[in-house]
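S.K.: Whatever this is, show me its structure:
(2 chains)
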Amino acid sequence: MNLREFLKENRVYLDGGMGTLLQAKGLKPGELPERWNITHPDIIKDIHKAYFEAGSNIVCANTFGANPLKFSDDELSEIISAAIKNAKDAIAETGNSENKFVALDMGSLGKLLKPLGDLSFEDAVSAFSKTVNLGAKYGADLVFIETMNDSYETKAALLAAKENCDLPVFVSNAYGEDGKLMTGATPSAMVALAEGMGADAVGTNCSLGPAEMKNIVSELLSVASIPVILKPNAGLPVTVDGKTVFKVGAKEFADEMIEYAKSGVRLLGGCCGTTPDYIKETVDATKDFPVVPLTDKNLTVISSYSHTVSFGEKAVLIGERINPTGKKRFKQALIENDIDYILREGVSQQEKGVDVLDVNVGLPEIDEVKMLETTVFELQSVTDLPLQIDTSDPVAMEKALRIYNGKAMINSVNGKEESMKAVFPLVKKYGGLVVALTLDENGIPATAEGRVKIAEKIIATAKEYGIAKKDIIFDTLAMAVSADKNAAEVTLSSLKTIKETLGCHTSLGVSNISFGLPERDAVNSIFFSLALENGLSAAIMNPHSKDMMKTYHSFNALKGLDDNFTDYISFVTENKEETGKTPVKTEENNNDLQYAIIKGFKEKSATITEELLKTTDGMEIVKEKIIPALDIVGKGFEEKTIYLPQLLMSAESAKSAFEVIKKKMLSEEKTGENKGTIVIATVKGDIHDIGKNIVKLLLENYGFDVIDLGKDVPPEVIVQTAIEKNARLVGLSALMTTTVPAMEETIKQLREKHSSCKVVVGGAVLTKDYADSIGADKYAKDAMESVRYAEEIFRK
Amino acid sequence: MAEKLTFNTPFVDKKEILRYMGCKTPDDNILSLLEECLSEAIPTLSYAVSYSVYPIKYKKDISSNGLLKHLSDSDEIIIFAATIGVGIDRLISKYSRISPTKAVAFQAIGAERIEALCDAFCEEMKKKYGCITNRFSPGYSDWDIKDQKLIISVTDATKNLGICLNDSFLMSPSKSVTAVVGIKNTETEEKNSCESCDNAGCIYRREI
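M.R.: Residues are numbered from 1 along each chain as shown, chains lettered A, B, ... in the order given. From the prediction side, this is the model:
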């Protein structure tokens, strides 16, 4: 029988441990078990046979670590071919081949993906793709992705499987005792990701014994609409007399598995420490219980690398601020490639309490495809909120969806043939909750009936692509009420109908409604509460608007959606502190900007600057207040009367003052002073960047235009950027002895191709002598010294 | 095969964190920053160690003289890998983009926490095996940092703890330690790590 068919109606038994059995047969610590497929085929085949005889339907070929990071292409091919043959031979020799399957087993590549590690997502996909292609070529019946402790690597493996074969794909993760993956994902988040991308089964294995997995499995069962996998260890390993052993015996293991089988786990097996005995006991103990049928949980859900956000009860708040429309400062940031500004917009919205961040970086002057990809990647290193990918360019959308670590919200599709043709295949492939706008070739219907009709058409077309209704959320389009007095009414009534008769979730860009009116917050917040009452599931809104947040929290409190009014009260308390705070420390009352910067009062520095700007020119504030303050602090640092954290607090305060001035100058179409361009980077192989970021902050404070290339930057990229920007100074950071050679190489290439520029280096392992020996112009022992050197270079 | 141990939050030594921040005499502003960062960091940390005990069969196979000297009084060693997880890395990377001051604080908290975890683990080992040496890690003295790979392999650190190495032998999560301690045949007092270091002017040096 076809495996997908078999899976529909049956409980499926998997195999148990391989590593522990091989060690018993003489595999040495550090030896690669995959080589035994070739050197000891009989031992491997006999283990598979023992599992089939014990009752396993599926065995994993011995390919757990068979990937191109560990083996050459030729050896990899040989190993996978032999591994699958060993398992197929085991089927042939045990007879009765009906309902016996061989899985291509894929474990972790043994490297952590960026930004936490150094392997890029696309490199991970390529590595897995090689393994998948070989597995399919040599006749595997399915791909079994297992023991992954990172959602991002899981996604890379799943994408590789989906892109390179049509075999069923199982996804199983190793959760810690806290019930999460090492990199943070909950079981629900993994289900959202795996189901979204079309996995055939999802579950957990390794790390824990059957008794410790109860919460993980019950969460998986409660959210998964596809079959759930369970492969526990034989308990937790303990060291007795210098040897590591597993505590739980076969019988005890099988007893624990009974409850899991009864509660609906469909694929049962074992992991480390389990043997064919464990599988036989499990099969005997569970085979007579009826198989629990699969049910569609019908959840509308999105996920990040850590958690899910579900739609249905409380309205989901989507922060709208990462969007250049109507925002000069944001446009400027995009043009200057100032990613940090965008990241701060993300973080500040999270602090205000949004659940999701909308990400729109489309601007005619910039390369949106690249910018959206970069922004999505970088946002994932500063926030754990799910993202809403907001673009009208399908190429940009696909790139962003690929590298997104979870199941994203996709903004948007509409009723036009062309739009559905471009967007639906992406939703199907990468998973996602797609926002569908109720407009089509004929524009936005003036009536609710018209909009609902388009919604029906969208649902029907999505179905043809295999996209379920639960993965579509309708935006009935809030149009300016100032242009059409019925605009709000039509939007609301189509919203209500779609929710009630089509059974779909809804979303609105709430703020549009008040376009062209004064006091927009007042109109927006009332419209928001009307929409909520009509069943709105999500709102794209500005969380910095107090009126909107008040409406949201009050609505939830009134509707019984806020137990004990916890959210409402904490919202009110926080906002009271902000507005009616009585100053505690008298020194904070000093309204001198210079004093605020020296003391490191970040917010205070910004508010004083705002006040000063009413009467004083921005550049004068910089010259008279900010620079003198920075000089005092910098000097104190050099004389060791103040410490690094204090220097940094002052630098951040100065930066917040600069930010206010910059915004004002942009609104007046003025540009600030720029002393010169400096390119900085942490060299290839090194992923430390605190030091480099400190240098950047101080250089910016002193008026330099800093191009920050980030960490782990190849020499070629640094050289090319230095040439493009005609930088007179390049700053390089390396933290480890093993990465200093990359620094040396970068300097060498700079000398060859951009000899006019100077190079300043720094980092924990460097000394002046070391810096001289690799050809740097200057060794800076700390950030202040870098600033002094830059001033010296650019003064000339 | 190695055993994995998890620990509850070890005692937080704020003085030690300030030492890592290069800030021995903090003002109120720094102290409140530290408190703020601690309360954000602590919930994201987990404390896990994976270890194996091995007899030293062939001393001549040990390539590092420093390590050999360190283990001169031992016939058995405990090889371990420890980590406080990726949570701290996320915080460091987040704040290095939006507030370098906090990044420095999280960096220092991570350094103190991983050392505190290693101390807690070594205390456990003392209870179990009696007198043990200080920790000795690849990269110390003449011990090649590349041997990090070996330790990660024999402690199952990638599977048990999620520790990975990059091409420069740098660990992720970054707040991880691999080390060896010797189980001593005779009971003798160990010096603390600053006492045995010659760099007297170091700003991180502990007051003795």
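S.K.: for the longest helix along chain A, packing partners?
M.R.: Using DSSP state H to assign secondary structure, the helix with the most residues in chain A is helix A:644-667. Packing partners of helix A:644-667 (3 or more CB pairs under 8 Å, 6 or more residues apart in numbering or on different chains; DSSP states H and E): helix A:328-335, helix A:593-599, helix A:602-613, helix A:618-621, helix A:627-638, helix A:690-701, helix B:28-41, helix B:100-129. Every C-beta, even on glycine, is put in place using the N, C-alpha and C of the backbone.
S.K.: any chance of those in TSV, with mean pLDDT too?
M.R.: What follows is the helices and strands packed on helix A:644-667, written out as TSV (pLDDT from 0 to 100):
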stretch	mean pLDDT
helix A:328-335	92
helix A:593-599	91
helix A:602-613	92
helix A:618-621	89
helix A:627-638	90
helix A:690-701	89
helix B:28-41	94
helix B:100-129	95
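S.K.: give me the number of residues near the residue nearest to A:Ser605 when sequence neighbours are not counted?
M.R.: With sequence-adjacent residues excluded and distances taken as CB to CB, 6 or more residues apart in numbering or on different chains, A:Ser605 is closest to A:Ser653, at 4.0 Å. A:Ser653 sits with 30 neighbouring residues when counted by other CB atoms under 10 Å in any protein chain shown.
S.K.: wait, isn't A:Ser653 in contact with A:Gly600?
M.R.: Yes - between A:Ser653 and A:Gly600 a contact is recorded at 5.4 Å, counting by CB atoms under 8 Å.
S.K.: would you turn the helices and strands packed on helix A:644-667 into a markdown table with distance to A:Ala790 and mean neighbour count?
M.R.: Output for the helices and strands packed on helix A:644-667, formatted as a markdown table (distance: least, CB to CB, whole Å; neighbours: other CB atoms under 10 Å in any protein chain shown):
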| stretch | distance to A:Ala790 | mean neighbour count |
| --- | --- | --- |
| helix A:328-335 | 23 | 17 |
| helix A:593-599 | 20 | 24 |
| helix A:602-613 | 23 | 19 |
| helix A:618-621 | 20 | 16 |
| helix A:627-638 | 12 | 18 |
| helix A:690-701 | 6 | 24 |
| helix B:28-41 | 27 | 16 |
| helix B:100-129 | 17 | 21 |
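S.K.: So for A:Pro237, which of those sits nearest?
M.R.: Ranking these by distance to A:Pro237, with CB to CB as the measure, places helix B:100-129 first at 15.7 Å.
S.K.: Run the chain-centre distance for that closest one.
M.R.: On the basis of CA atoms, centre = their mean, to the nearest Å, helix B:100-129 sits 6 Å off its chain's mean C-alpha point.
S.K.: ok, now stretch A:742-753?
M.R.: 34 Å.
S.K.: Next: stretch A:10-23.
M.R.: Worked out by CA atoms, centre = their mean, stretch A:10-23 lies 32 Å from the chain centre.
S.K.: Only C-alpha atoms, please: export it in CSV.
M.R.: C-alpha atoms of stretch A:10-23 as CSV (Å, rounded to 0.1, in the frame of the first residue of the first chain):
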residue,chain,number,x,y,z
ASN,A,10,-3.6,2.9,10.5
ARG,A,11,-1.4,3.1,13.5
VAL,A,12,2.2,3.0,12.3
TYR,A,13,5.1,1.5,14.1
LEU,A,14,8.5,3.0,13.7
ASP,A,15,11.9,1.6,14.7
GLY,A,16,14.0,2.3,17.8
GLY,A,17,17.6,3.3,18.5
MET,A,18,20.5,2.7,16.1
GLY,A,19,23.4,4.5,17.7
THR,A,20,23.3,2.6,21.0
LEU,A,21,23.2,-0.8,19.2
LEU,A,22,26.1,0.2,17.0
GLN,A,23,28.2,1.2,20.0
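S.K.: List the contacts of residue 77.
M.R.: As the question left the chain open, I've gone with chain A. Shown in contact with A:Ser77 (CB atoms under 8 Å, 6 or more residues apart in numbering or on different chains): A:Leu134.
S.K.: To clarify, I was referring to chain B.
M.R.: Shown in contact with B:Ile77 (CB under 8 Å, 6+ apart): B:Val53, B:Tyr54, B:Ile56, B:Leu71, B:Val180, B:Val181, B:Gly182, B:Ile183.
S.K.: And the residues you listed, which is the shakiest by pLDDT?
M.R.: Across the contacts of B:Ile77, no position has a lower pLDDT than B:Ile56, which has 84.
S.K.: so what's that one up against?
M.R.: Counting by CB under 8 Å, 6+ apart, B:Ile56 touches B:Ile62, B:Leu71, B:Ser74, B:Asp75, B:Glu76, B:Ile77.
S.K.: ok, which pair from the residues you listed is furthest apart?
M.R.: B:Ile62 and B:Glu76 (13.7 Å).
S.K.: right, and A:Gly19 touches A:Pro33 too?
M.R.: Yes - here A:Gly19 reaches A:Pro33: they are 6.3 Å apart, a contact under CB under 8 Å.
S.K.: okay, and the common contacts of those two?
M.R.: Common contacts of A:Gly19 and A:Pro33 (CB under 8 Å, 6+ apart): A:Leu27, A:Phe64.
S.K.: and residue 91, how many neighbours does it have?
M.R.: As the question left the chain open, I've gone with chain A. For A:Ile91, the count of nearby residues is 19 (other CB under 10 Å).
S.K.: that's the wrong chain, I meant chain B
M.R.: Number of residues near B:Leu91 (other CB under 10 Å) recorded here: 23.
S.K.: Give me the domain ranges for chain A.
M.R.: Domain assignment for chain A, taken from automatic domain parsing, gives A:3-286, A:302-579, A:586-667, A:677-795.
S.K.: Can you see whether the second one contacts chain B, counting any residue in it?
M.R.: Right, the one you point to is domain A:302-579. Yes - for domain A:302-579, a contact with chain B is found by CB under 8 Å from any CB of the partner chain, at A:Ile339, A:Asp340, A:Leu343, A:Arg344, A:Val347, A:Glu378, A:Ser381, A:Val382, A:Thr383, A:Asp384.
S.K.: Counting neighbours, which of these comes out on top?
M.R.: Within these, most neighbours by other CB under 10 Å means A:Val382, with 24 neighbours.
S.K.: show me the contacts for that residue.
M.R.: A:Leu343, A:Gly346, A:Val347, B:Ser93, B:Lys94, B:Arg97, B:Ile98.
S.K.: would you put the C-alpha positions of the helix or strand where the second one lies in CSV?
M.R.: Right, the one you point to is A:Gly346. Element membership for A:Gly346, per DSSP states H and E: helix A:339-352. C-alpha atoms of helix A:339-352 as CSV (Å, rounded to 0.1, in the frame of the first residue of the first chain):
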residue,chain,number,x,y,z
ILE,A,339,18.5,48.8,9.2
ASP,A,340,19.0,49.7,12.8
TYR,A,341,16.3,52.4,12.5
ILE,A,342,13.9,49.9,11.1
LEU,A,343,14.7,47.4,13.8
ARG,A,344,14.0,50.0,16.5
GLU,A,345,10.6,50.6,14.9
GLY,A,346,9.9,46.9,15.3
VAL,A,347,11.1,46.7,18.9
SER,A,348,9.2,49.8,20.1
GLN,A,349,6.0,48.4,18.6
GLN,A,350,6.5,45.2,20.4
GLU,A,351,7.0,47.1,23.7
LYS,A,352,3.6,48.7,23.0
